[in-house]
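Asker: give me a 3D structure for the following:
(2 chains)
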2 protein chains.
Amino acid sequence: MTLVLSIEEQQEILDMKSVLGALEVLYREQAAGRALTRQRSDVIVPNQTGVYGLKSMDGVVPAFDVGAVRINSDVITWPKVGNTKRRVKVPAAPGNRWVGLVLLFSVSTGEPLAIFPDGFVQRMRVGGTSGLGVKYLAREDSKVLGVIGSGWQAGSQVLAACEVRNFERVVVYSPTRENLVKFVEEMAPQVSAPVIAADSAEAVVSQADVVLCATNSLQPVFDGTLVRSGQHLGCIKNCELDDNAFKRVDRLVIHSIDSSPKHLVMEEAEAPGEDRGWDDSHGGIDWSNAPTLAQLVSGAVPGRQSSEEVTCFDNNLGLGIQFAAVGAKLLEIAKEKGAGHELPTEWFTQKVHP
Amino acid sequence: MTLVLSIEEQQEILDMKSVLGALEVLYREQAAGRALTRQRSDVIVPNQTGVYGLKSMDGVVPAFDVGAVRINSDVITWPKVGNTKRRVKVPAAPGNRWVGLVLLFSVSTGEPLAIFPDGFVQRMRVGGTSGLGVKYLAREDSKVLGVIGSGWQAGSQVLAACEVRNFERVVVYSPTRENLVKFVEEMAPQVSAPVIAADSAEAVVSQADVVLCATNSLQPVFDGTLVRSGQHLGCIKNCELDDNAFKRVDRLVIHSIDSSPKHLVMEEAEAPGEDRGWDDSHGGIDWSNAPTLAQLVSGAVPGRQSSEEVTCFDNNLGLGIQFAAVGAKLLEIAKEKGAGHELPTEWFTQKVHP
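Answerer: Numbering: from 1, shown residues only, chains lettered A, B, ... in the order given. Sure thing, here's the model as predicted:
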């Protein structure tokens, strides 16, 4: 049978602890050369309302007996917000829905094991990966978790960090007060530490032992001169941290080397006047030789060496193997609990030689 | 609704004429820069019985309002046959089935339109593409179609060629007599010209105006000194033709430039002593500057210029856009005829931002 699992079913059965466990095994396998991932590719063409992007990435991890393909089928527009055009993924599918899929296949038999929307696993694997950065780099005695951002990625960062350290409180800042209040309300029941709204990014950084940035910003989100010795910093894009922050970092680890997606863009589909890139030199960091999470988790490079070090994990870009690892764990739990909707495997297999 | 279509349902509704029509539009779109394809990637890892390969390619064609992802999930072994090891794709999925899937998405809305096994469309798009080579390069008055091969690709080559020329007879050779006889029996009712078994490849080449090779051979399948002026040659791998054949060719067109798949191979998964490559120089052909089918179909390069020319179409490798074009046509017909199995689109979409 091939399992179809809704986002709601996934949320009910897959917790962050399981995700962290699966990812930890994954990075050991990757370090040993036993996990292979195919760089993301984006095919971008014009459509009636803006552009359409078909994105895919693959990853195979024999230890989980799973190969994964993750596909995003995105309708993108650039509505004008104030004086700037903002990039918006439009939920243009029937019922105002977004389209992202993960397909899991068996390494042993080739059979399609599961097909499910990607949004929840996407979030959990990003958060879980940042969480491993905290686990291997932050001080054991970290007391205050600081989070900047209140969007779709920030929540799983909180869950993951609280799984690997016993924080006494979680302090969050986000520039739009309404979003911040909503986020604090949502997160409070999900972790044992109190979750508190801060008035500024500076207030977060000045009291936190661990500062995790999870924003859409293409600009630094706090003043890096505020970084104190012993702190751990995390970002999902290195533009969230400024040059001063990076100057303070004693130990930098990144998710993956050479992970920039391969873009195929049809001529008329160029983004309208939007600068998607940023200067990531940050005073001369050699990203192509930075230690990776796989090296850190496997012990090939050391973690934190003293309570004074400033450490940083740049969760720089996703890999297909993350979907293989987290997907395999999700599938394992779903089978145990009888979750999801089973479809006949014959619908997705064939008697003719492909 | 998202449509699931079995191979049997596809075979019932999609004929070669429709495939040729869709592909002809496709290559005009491609020539105009309005079709984008992502190079195939193969991720190869060891498994218990040999190796596992997860292969994918993407293609988007706005004119069809379709983006396609084609995935193959292959279990491969190398059983020893005589003194050589032979590469075999094992139908290891439940019910002894192979696994290949095509997913179609809407360029307008992003929604998943269809999911179906790839084996039939795979065959039709290869045959149809070779058929366009015949249409634009073979003599209008071609009388005899010669086919070398009786395997899974040869049949659609016959169907496609017979759709674009009025052949008086079809002559086929394949080294295993049993396969040849079976193939002739199967093809005879599908085309109006009589289908006749030949005793040798030479017998085919000596009487045919159009010679199409569709084999698994990594060696030349006939003696190229037999090529006569005015003939059209077709192959699905250029190793099927020898250097003498290529020397006789006045006008060469290939399917696609720079189409070699990107391989990611885990160390222990190397093919056991199998040489998959071949010397494709054929006396110095510059494949990277050969005219393409898109240029031919769009008129950017000329087709046959005289009845004496020897023409050749090398259908060198598949592209994701072929699955977008043929898939879109299949979907259009399926909707008209109410074929297939409709699944709720909500199963494959989401309310959360991916």
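
Asker: need the residues of the stretch 101-250 of chain A near chain B, please.
Answerer: Proximity of the stretch 101-250 of chain A to chain B, by Cβ under 8 Å from any Cβ of the partner chain, involves residues A:101, A:103, A:105-112, A:115, A:117-120, A:122-123, A:152. To be clear about C-beta, it is placed using only N, CA and C from the backbone, and glycine gets the same treatment.

Asker: restricted to helices, list the residues you listed.
Answerer: Mapping those onto helices (DSSP state H) picks out A:119-120, A:122-123.

Asker: do a quick rundown of the helices in chain A.
Answerer: When assigned using DSSP H, the helices of chain A occupy the ranges A:7-13, A:16-31, A:119-137, A:154-164, A:177-187, A:201-207, A:243-248, A:293-298, A:320-337.

Asker: lowest-pLDDT helix or strand in chain A?
Answerer: When each helix and strand of chain A is scored by mean pLDDT, DSSP states H and E, strand A:84-85 comes last, with a mean of 72.

Asker: what lines up beside that strand in the sheet?
Answerer: Looking at strand A:84-85 with DSSP bridges, its partner strands are strand A:80-81 (antiparallel).

Asker: which residues are contacting the partner strand?
Answerer: residue A:86 (Cβ atoms under 8 Å, 6 or more residues apart in numbering or on different chains).

Asker: okay, domains of chain A per the record?
Answerer: Split into domains by automatic domain parsing, chain A comes to A:2-121+A:319-348, A:126-259+A:275-314.

Asker: of those, which approaches residue B:143 most closely?
Answerer: Taking Cβ to Cβ, domain A:2-121+A:319-348 is the member of the domains of chain A nearest to residue B:143, at 43.0 Å.

Asker: now do the spatially most central residue of chain A, the pLDDT please.
Answerer: Nearest residue to the geometric centre of chain A (Cα atoms, centre = their mean): residue A:126, 2.0 Å. On the pLDDT scale, residue A:126 is placed at 97.

Asker: low-confidence stretches in the stretch 201-350 of chain A?
Answerer: Where the stretch 201-350 of chain A drops to pLDDT under 70, the residues are A:259, A:270-277.

Asker: all strands of it, in order?
Answerer: A:210-213, A:232-235, A:251-254, A:262-265, A:311-314, A:341-343 (DSSP state E, counting those that start in this stretch).

Asker: just name the most buried of the ones you listed.
Answerer: Of all the strands of the stretch 201-350 of chain A, strand A:210-213 carries the top mean neighbour count, a mean of 30, counting by mean count of other Cβ atoms under 10 Å in any protein chain shown.

Asker: now residue A:240. Nearest residue, chain neighbours left out?
Answerer: The shortest distance from residue A:240 to any non-neighbouring residue, by Cβ to Cβ, 6 or more residues apart in numbering or on different chains, is to residue A:213 (4.0 Å).

Asker: just checking, the one you found touches residue A:151?
Answerer: No. Using Cβ atoms under 8 Å as the test, residue A:213 is too far from residue A:151 to be in contact (11.1 Å).

Asker: give me the number of residues near residue A:332?
Answerer: 16 (other Cβ atoms under 10 Å in any protein chain shown).

Asker: from chain B, how far out is it?
Answerer: 18 Å (Cβ to the nearest Cβ, to the nearest Å).

Asker: quick one: the domains of chain A as CSV, columns for distance to residue B:75 too.
Answerer: Shown next, in CSV, are those (distance: least, Cβ to Cβ, whole Å):
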stretch, distance to residue B:75
domain A:2-121+A:319-348, 5
domain A:126-259+A:275-314, 27
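
Asker: what's the most buried one of these?
Answerer: When the domains of chain A are compared using mean count of other Cβ under 10 Å, domain A:2-121+A:319-348 is most buried, at a mean of 21.

Asker: got the end-to-end distance for that one?
Answerer: With Cα to Cα, to the nearest Å as the measure, the ends of domain A:2-121+A:319-348 fall 8 Å from one another.

Asker: any low-confidence regions in the stretch 51-200 of chain A?
Answerer: Checking the stretch 51-200 of chain A against pLDDT under 70 turns up nothing.

Asker: quick one on the thing from earlier: nearest to residue B:232 among the ones in helices among the residues of the stretch 101-250 of chain A next to chain B?
Answerer: Using Cβ to Cβ, these come closest to residue B:232 at residue A:122, 50.1 Å.

Asker: my understanding was that the closest one contacts residue A:100; is that so?
Answerer: Yes. Counting by Cβ under 8 Å, residue A:122 touches residue A:100, with 6.8 Å between them.
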